[in-house]
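# Here's a sequence, model it:
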Amino acid sequence: MKKTSLFTRTIYISVVVMLLAACATPAPTTAPAVPTSAPAATAVPQGPKEIVIGAALPLTGASGREGGFFKKSYEMAAKEINDAGGIMVKEYNRKIPVKLIIYDDKTETTTSVTLYEKLATEDKVDAFLGGYSTALVQAHVVVPQKYQIPYVNGGGATGSIYAQGNKWIFGLLASIEKLSITFADWIEIQQDAGALPKPVKIAMAAENTSHGVEFAKGINDRAKAKPDRYTIVMDEKFEINGKDYAPLIAKLKGTNADVFFADARVADYTLMHRQYTEAGLSHKVVSYGPRGPESAARTALGAASDYIVAANWWSPDMSDASSKDFVAKYKAFANEAPDGYYAALGYETARVLFKAIEAAGTLDKTKVRDALAATNLSPSLVVGGKVTFQANGQIDNPYIMTQNKPGNKVEIIYPKDLATGSAIVPIPKK
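Predicted structure coming up:
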């Protein structure tokens, strides 16, 4: 066999390699992408089924009627928010309905504290709505501070409630001292109009509580500052839920006062004024602080309650759109008209809390408390139309003054821009 030269073999191999390369599929210049799944969406926490809000109210006992108004207004506010799906909580990206738990504290301070403890420890509430009356509120507000649970109330006005550095409590009633200042401002208008003398002789009787102390302080401070306008001729204290005020009325009779101011609860006002009338007393102005227009007292006293003046946080006779709307809604819900300020302030208390939870965007209690502190709610039922809180947690809005008129009428007599009628001073003698 004839040998092939080295040169020939080399050419042969080169041609074969080139032919194979021409037939081969070109290799990709980059590696193919490995199929991957789409990134998973961030899971939103489901959150609770309900927002649990609790309160203890005097549904029986001395303040049962007033506590009943608060209960109905809390329930009305909760129904409204739940009918709309609940409170929008951003953390869970959904609305969560409200569950209300309301207990009867029987107008007893010890019971009230115990029930707020139960709400905190057993019911595990997310927030508190407050009770009614200074004594009850003052007793149980230690619980929100102890358990660091946000608390809003429309039933405790005494400034001492908010003077203890408790950062967990908020109140929609301006102070009782401011109530006294409102009275004094109005008295001076009557003096300048010639309806009352200068100085005017004032006889005072105040309940033996921080509420009464603050009321008397406001009047006494103004009298000291303006001795040309005021002379205090009586300054007495009395125990709440009294059975006989005849001794106090006898002292009042001997004072020759122009004005009689008393700071009293509805039951005390009713009994005291009945005995006042039976004693044949009359003064140029008579007031029982924030009491006077309540329908139960007017029914019990009849014409004797005519011309009594009162300073208050709200009246169903207010003509602003928010008040008119509330009165209509409350009548439809409760099958009765709102009486005094109780229902309106209860409703607004609940609304402020619900708005704060929504603004916080979470049920974290500290963040809800911070949202309450930053509240700027308008329009609102409160006099002045806006809810903001001072650093101590209490509102500082103005008061209105009302006067009972014959025929079971009530008119707003102060301030002028809200008035629905003119004050009758001095009171006509019978």
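# burial count for Asn256?
Using other Cβ atoms under 10 Å, Asn256 has 9 neighbouring residues. For every residue, glycine as well, the C-beta is placed using N, CA and C.
# ugh, wrong one, Ile101
Summarising burial for Ile101: neighbours were counted as other Cβ under 10 Å, giving 16.
# okay, Met204: pLDDT?
Met204 carries a pLDDT score of 97 in this model.
# can you check Lys430 too?
Model confidence at Lys430, expressed as pLDDT, equals 74.
# looking at it, it is touching Leu281, isn't it?
No - if you go by Cβ atoms under 8 Å, Lys430 and Leu281 don't touch, sitting 10.9 Å apart.
# With neighbour numbers in mind, choose between these two.
For Lys430 and Leu281, the more surrounded residue by other Cβ under 10 Å is Leu281, and the numbers stand at 16 against 10.
# contacting residues around the more buried one?
Under the criterion of Cβ atoms under 8 Å, 6 or more residues apart in numbering, the neighbours of Leu281 are 249, 252-253, 260.
# Would you agree it falls within a strand?
No - inclusion of Leu281 in a strand is not indicated when DSSP: H, G, I helix; E, B strand; the rest coil is applied; the result is coil.
# Now do the helix or strand harbouring Asp185: which elements does it pack against?
Using DSSP states H and E, Asp185 maps to helix 176-192. For helix 176-192, the contact count by 3 or more Cβ pairs under 8 Å, 6 or more residues apart in numbering; DSSP states H and E identifies helix 210-225, strand 259-263, strand 285-287, strand 309-312, strand 400-405, strand 409-414 as packing neighbours.
# just the angle between the longest one and helix 176-192, please?
This means helix 210-225. Counting by axes from the mean of the first three to the mean of the last three Cα atoms, to 10 degrees, helix 210-225 points 40 degrees away from the direction of helix 176-192.
# can you redo the contacts of Leu281 as a markdown table with distance to Asn153?
Converted to a markdown table, the contacts of Leu281 look like this (distance: Cβ to Cβ, whole Å):
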| residue | distance to Asn153 |
| --- | --- |
| Ile249 | 33 |
| Leu252 | 33 |
| Lys253 | 38 |
| Phe260 | 30 |
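# Can you tell me which of those is closest to Ile181?
The closest of these to Ile181 turns out to be Phe260 (Cβ to Cβ; 18.5 Å).
# okay, now the closest residue to the closest one other than its chain neighbours: neighbour count?
The spatial neighbour of Phe260 that comes closest, neighbours along the chain excluded (Cβ to Cβ, 6 or more residues apart in numbering), is His283 at 4.6 Å. By other Cβ under 10 Å, the residues close to His283 number 20.
# Can you tell me how far His283 is from Ala311?
Computed as Cβ to Cβ, to the nearest Å, the His283 to Ala311 distance reads 17 Å.
# secondary structure element for the spatially closest residue to Tyr341 that is not a sequence neighbour?
Taking Cβ to Cβ, 6+ apart as the measure, Tyr341 lies nearest to Trp314, with 4.2 Å between them; neighbours along the chain are not counted. Here Trp314 sits in a region with no helix or strand, counting by DSSP H and E.
# Ramachandran angles for Trp314?
For Trp314, the backbone dihedrals are phi -170, psi 160 (criterion: degrees, to the nearest 10).
# Hmm, it is touching Tyr347, no?
No - with contacts counted by Cβ under 8 Å, Trp314 stays clear of Tyr347, the gap being 10.0 Å.
# where in the protein is pLDDT low?
Across the chain, the ranges flagged by pLDDT under 70 are 1-43.
# redo that, cut-off 80
In the predicted model of the chain, residues 1-45, 430 satisfy pLDDT under 80.
# nearest spatial neighbour of Ile101, skipping sequence neighbours?
Spatial nearest neighbour of Ile101, chain neighbours left out: Gly54 (4.3 Å); criterion: Cβ to Cβ, 6+ apart.
# what about the one you found, which helix or strand?
Here Gly54 sits within strand 51-57, counting by DSSP H and E.
# one step back: so which of the contacts of Leu281 belong to helices?
Under the assignment DSSP state H, these contribute 249, 252-253 to helices.
# can you count the residues close to the spatially closest residue to Lys178 that is not a sequence neighbour?
Across the structure, with Cβ to Cβ, 6+ apart as the measure, the residue nearest Lys178 apart from its sequence neighbours is Tyr399 (6.8 Å). If you count neighbours by other Cβ under 10 Å, Tyr399 ends up with 24.
# dump the residue contacts of Tyr399.
Tyr399 makes contacts with 174, 178-179, 182, 311-313, 383, as judged by Cβ under 8 Å, 6+ apart.
# and with 10 Å instead?
The contact partners of Tyr399, by Cβ atoms under 10 Å, 6 or more residues apart in numbering, come to 173-174, 178-183, 185-186, 290, 310-314, 383-384, 414-415.
# same deal with Thr209?
Residues counted as contacts of Thr209 (Cβ under 10 Å, 6+ apart) are 133-135, 138, 158, 160, 176, 215, 237, 239-240, 263, 265.
# and the gap between it and Ile412?
According to Cβ to Cβ, Thr209 stands 27 Å off from Ile412.
# What of Ile189?
From Ile189 over to Ile412 (counting by Cβ to Cβ), the distance is 14 Å.
# now Lys284
Per Cβ to Cβ, Lys284 is found 20 Å from Ile412.
# these two touch, right, Gly212 and Ala262?
Yes - taking contact to mean Cβ atoms under 10 Å, the distance of 9.2 Å between Gly212 and Ala262 places them in contact.
# just to revisit the earlier point, quickly list what's touching both of Trp314 and Tyr347.
154, 326, 338, 381.
# can you confirm the third one is in a strand?
No - according to three-state DSSP, Pro338 belongs to no strand; its state is coil.
# Run through the residues that contact it.
Taking Cβ under 10 Å, 6+ apart as the contact definition, Pro338 lies against 69, 72-73, 314-316, 323, 326-327, 329-331, 344-347.
# residues in contact with the nearest residue to Ala423 once chain neighbours are set aside?
With Cβ to Cβ, 6+ apart as the measure, Ile413 is the residue that lies nearest to Ala423, at 4.2 Å, once sequence neighbours are left out. Going by Cβ under 10 Å, 6+ apart, Ile413 touches 186, 189, 309-310, 400-403, 405, 419-425.
# any idea how far Ile413 lies from Val309?
Counting by Cβ to Cβ, the gap from Ile413 to Val309 is 7 Å.
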